[in-house]
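S.K.: what's the 3D shape of this:
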Amino acid sequence: MKGQGMDKLIAAAVDLNRDYLVSFLQELIKADTQVINHGITGGNEANGQHLIISKLREMGCEPDIFEPDNRLLSRYGQGNDGHNYTNRPNVVGVFRGSGGGRSLILNGHVDTMPFGDRSAWSVDPLGAVIQDGKLYGLGSSDMKAGLAANLLAIELLQKLRIKLKGDLIFESVVDEEGGGNGTLACIDRGYRADAAIISEPTGLKIFPAHMGFIFYAITVYGKSLHSSAKWLGVNAIEKAMILIQALQDLEHNWLMTKRHALLPGPTINVGEIKGGTAGSTVPDSCQFKLCLHYLPTDADEEGGGSLVEKDVLETIHRRCQGDPWLSANPPTIVKYQEGSPFEISVNHPLVQAAASAYSRVTKEPARIEGMLAGCDARHFANIAGMPVIVFGPADAAQAHSVDEFVTIASYLKYIEVLCHMIIDWCELD
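M.R.: Numbers count the residues shown, from 1 in each chain. Below is the predicted model:
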């Protein structure tokens, strides 16, 4: 069956199973899968993975269940070492096609950030409450709606007895919020396909590119004494401000000279600063932390940020050389997290297949943009060497927010679009 007959069949199946599709997402949201200490000391992902495992087995698929291994991931230079993965398993289900079609990975993360101050929420963060067509709850947008849609689209095709030539690989990964080691562990385990879709919240826009990022902690040193004799000391906070200004000048230069068709200019954000003990004391140390985002066109030959890092370190070094104290007492610079950018052509068959499926369902042109932040797409593109797009339901602005929600219409529409995308990519048997 093809054409309008298939369109009507899938649309009717989504409508008929509406309550079931929504209730499964509700159960997934109710499962507390918060990371602990940004995933470093642990996480509660197992609560959600139990639901995923049960569903896969109901679908006749025995899942591969495994915890990321820091020893294996460290060699890639893209992970985040030292995270505790006890009782934090990845779950992968493989659905074999008949052969001769293209294979596809559907990837999503089950972990969420903590909900923060409970009193700031007007609803229970783990209550999965529905109001005015919106399903509220922690992770509803980022990204349990996309994760559930990946799994339930496969199940819907099963119920319709639609058989495919290509293999489908479903991945529910842990610790994306902690840097992406879950997806990296899947790649290390050998999972590959002809393409991948990560169903992060994009508002049903197609993202064939995202920024790279690097986090630094920079500690500046001074000379402490009572502030009544300030001139005899060295104020570490003021010296830090000199370096921050130099980095702001570098950011301004980047914004004036670097352009990308889908993405904004590169940025440097100083997001945290700590220094001193009292107003009456000249501070002898000051630490500030920053996150910079850079364009795929500024990546090095291996897709990483070494060229951007060189630019930053040289800027800091030059500014230190212009200050006698900083020249003699240089700051300590620690890079504590990074992620490479990724990009594929908007004309790539994967992008065009997604655009075609979207237009087929919505009767509207697809919207193709760049992703401002980073995600696990970089691992597929730069380590696995696979074409990948970020494409999912929900609004990215809802991620990590109080009263986070996904509209039910967006969630159901994505399932319908994804069914067509799977059929078009993997081919009917």
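
S.K.: tell me the centre residue of the protein?
M.R.: Nearest to the mean C-alpha position of the chain, by CA atoms, centre = their mean, lies C375 at 2.9 Å.

S.K.: residues in contact with the closest residue to that one other than its chain neighbours?
M.R.: Spatial nearest neighbour of C375, excluding adjacent residues (CB to CB, 6 or more residues apart in numbering): E200 at 5.4 Å. All C-beta spots, glycine's among them, are computed from the backbone N, C-alpha and C. Contacts for E200 (CB atoms under 8 Å, 6 or more residues apart in numbering) come out as G108, D142, M143, G146, M371, C375, V390, G392, A396.

S.K.: Let me know the secondary structure of S359.
M.R.: helix (DSSP: H, G, I helix; E, B strand; the rest coil).

S.K.: what does the model give the closest residue to it other than its chain neighbours for pLDDT?
M.R.: Excluding the flanking residues, the one nearest S359 by CB to CB, 6+ apart is A366, at 5.7 Å. Looking at A366, its pLDDT stands at 98.

S.K.: looking at this, A366 is in a strand?
M.R.: No. Secondary structure of A366 (three-state DSSP): coil, not part of a strand.

S.K.: secondary structure element for the residue nearest to the centre of the chain?
M.R.: Take DSSP states H and E as the rule and C375 turns out to sit in neither a helix nor a strand.

S.K.: E176 is in contact with that one, correct?
M.R.: Yes. Applying CB atoms under 8 Å as the test, C375 and E176 come out as touching, 7.1 Å apart.

S.K.: what's the span of stretch 165-176, first residue to last?
M.R.: 31 Å (CA to CA, to the nearest Å).

S.K.: i'd like the first residue to be 867 from this point on
M.R.: Yes, from this point I'll number from 867; that puts the last item at stretch 1031-1042.

S.K.: which parts of that stretch are buried?
M.R.: Neighbour counts using 16 or more other CB atoms under 10 Å place G1032, D1033, L1034, I1035, F1036, E1037, S1038, V1039, V1040, D1041, E1042 of stretch 1031-1042 among the buried residues.

S.K.: Can you add secondary structure and pLDDT and give the residues you listed back as JSON lines?
M.R.: Below are the buried residues of stretch 1031-1042 laid out as JSON lines (DSSP: H, G, I helix; E, B strand; the rest coil; pLDDT from 0 to 100):
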{"residue": "G1032", "secondary structure": "coil", "pLDDT": "98"}
{"residue": "D1033", "secondary structure": "coil", "pLDDT": "98"}
{"residue": "L1034", "secondary structure": "strand", "pLDDT": "98"}
{"residue": "I1035", "secondary structure": "strand", "pLDDT": "98"}
{"residue": "F1036", "secondary structure": "strand", "pLDDT": "98"}
{"residue": "E1037", "secondary structure": "strand", "pLDDT": "98"}
{"residue": "S1038", "secondary structure": "strand", "pLDDT": "98"}
{"residue": "V1039", "secondary structure": "strand", "pLDDT": "98"}
{"residue": "V1040", "secondary structure": "coil", "pLDDT": "98"}
{"residue": "D1041", "secondary structure": "coil", "pLDDT": "96"}
{"residue": "E1042", "secondary structure": "coil", "pLDDT": "94"}
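
S.K.: Give me the helices and strands touching the biggest helix by length in the chain, please.
M.R.: The longest helix of the chain (DSSP state H) is helix 1102-1123. Here helix 1102-1123 touches strand 1078-1087, strand 1133-1141, strand 1151-1160, helix 1172-1187, helix 1190-1194, going by 3 or more CB pairs under 8 Å, 6 or more residues apart in numbering; DSSP states H and E.

S.K.: Using PDB, write out every CA atom in it.
M.R.: Extracted C-alpha coordinates of helix 1102-1123, given in PDB (Å, rounded to 0.1, in the frame of the first residue of the first chain):
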ATOM      1  CA  ALA A1102      42.200  38.800  42.000                       C
ATOM      2  CA  ILE A1103      38.600  39.800  41.100                       C
ATOM      3  CA  GLU A1104      39.900  42.900  39.200                       C
ATOM      4  CA  LYS A1105      42.500  40.800  37.400                       C
ATOM      5  CA  ALA A1106      39.800  38.400  36.400                       C
ATOM      6  CA  MET A1107      37.800  41.200  35.000                       C
ATOM      7  CA  ILE A1108      40.700  42.100  32.700                       C
ATOM      8  CA  LEU A1109      40.700  38.600  31.300                       C
ATOM      9  CA  ILE A1110      36.900  38.600  31.000                       C
ATOM     10  CA  GLN A1111      37.100  41.800  29.000                       C
ATOM     11  CA  ALA A1112      39.600  40.200  26.700                       C
ATOM     12  CA  LEU A1113      37.300  37.300  26.100                       C
ATOM     13  CA  GLN A1114      34.400  39.700  25.400                       C
ATOM     14  CA  ASP A1115      36.600  41.400  22.800                       C
ATOM     15  CA  LEU A1116      37.300  38.000  21.200                       C
ATOM     16  CA  GLU A1117      33.600  37.200  21.100                       C
ATOM     17  CA  HIS A1118      32.900  40.600  19.500                       C
ATOM     18  CA  ASN A1119      35.500  39.800  16.800                       C
ATOM     19  CA  TRP A1120      34.000  36.300  16.200                       C
ATOM     20  CA  LEU A1121      30.500  37.800  15.800                       C
ATOM     21  CA  MET A1122      31.800  40.400  13.300                       C
ATOM     22  CA  THR A1123      33.700  37.800  11.100                       C
END
